[in-house]
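[1] any chance you can model this:
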Amino acid sequence: MTLAAFSAIYPLQGPNKPLDAPDQARLLTAADGVISLTGAPFPTPVLGQPGLPAGKHLWVILPADLPVILETAPNVQPPPLQSGCAKHTNLTGGEAACCGGELWIDAVSASQLYVNGGSGRYQPRTSDELDDAVQVFESLGFQVVSMGWDDDNDRPARMLRKS
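    Numbers count the residues shown, from 1 in each chain. Sure thing, here's the model as predicted:
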């Protein structure tokens, strides 16, 4: 599924909760470490364990872009972010997105991603939306392991569940 097809089904939505600090609406750019994901493999992999803070990247789907940033945001240009880390709204300038979540890059292959819909502001609204977001990554050539949907809480699962 392309970005355009996804955004036609799941239109832009404003952030689901208010900003905690004004600089959470600061639009970060490539100079700050934002990557516009256009295809596999991941261009600058920072490895980590799925579900843990190390190597966690934030992503949002926009109608014509899929920006991603390492949550620790080590390359953010001055001034530093008040919270010390990037937020999904830093990928949108505080504006709307179709949905968002977190991802980790596989330690063996930068073409395999572990993806969830963990975003307090742009999380997928349904399991179908999360499945379709995974298809967007797959259409870019990535192999994706989705963390799935938490049926008990009716929201995206944030941890990889072993079967």
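
[2] setting the sequence-adjacent residues aside, check what's closest to Pro53.
    Distances taken as Cβ to Cβ, 6 or more residues apart in numbering place Glu71 nearest to Pro53, at 7.3 Å, with adjacent residues excluded. All C-beta atoms are positioned from the backbone trio N, CA, C, and that covers glycine.

[3] what number of residues lie near that neighbour?
    Number of residues near Glu71 (other Cβ atoms under 10 Å) recorded here: 19.

[4] in this structure, which residue is closest to the centre?
    A centroid search over the chain (Cα atoms, centre = their mean) returns Trp59, at 1.9 Å, as the residue closest to the centre.

[5] and the longest helix anywhere in the chain, what other elements does it pack with?
    Using DSSP state H, we find that the single longest helix of the chain is helix 127-139. Helices and strands touching helix 127-139, by 3 or more Cβ pairs under 8 Å, 6 or more residues apart in numbering; DSSP states H and E, are helix 3-9, strand 99-105, strand 112-116, strand 143-146.

[6] which stretches in this protein count as strands?
    With strands called from DSSP state E, the chain shows them at 35-36, 57-61, 67-70, 99-105, 112-116, 143-146, 149-150, 155-156.

[7] now render the ones you listed as JSON lines, adding distance to Leu91.
    Shown next, in JSON lines, are these (distance: least, Cβ to Cβ, whole Å):
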{"stretch": "strand 35-36", "distance to Leu91": "10"}
{"stretch": "strand 57-61", "distance to Leu91": "5"}
{"stretch": "strand 67-70", "distance to Leu91": "5"}
{"stretch": "strand 99-105", "distance to Leu91": "7"}
{"stretch": "strand 112-116", "distance to Leu91": "15"}
{"stretch": "strand 143-146", "distance to Leu91": "19"}
{"stretch": "strand 149-150", "distance to Leu91": "23"}
{"stretch": "strand 155-156", "distance to Leu91": "17"}
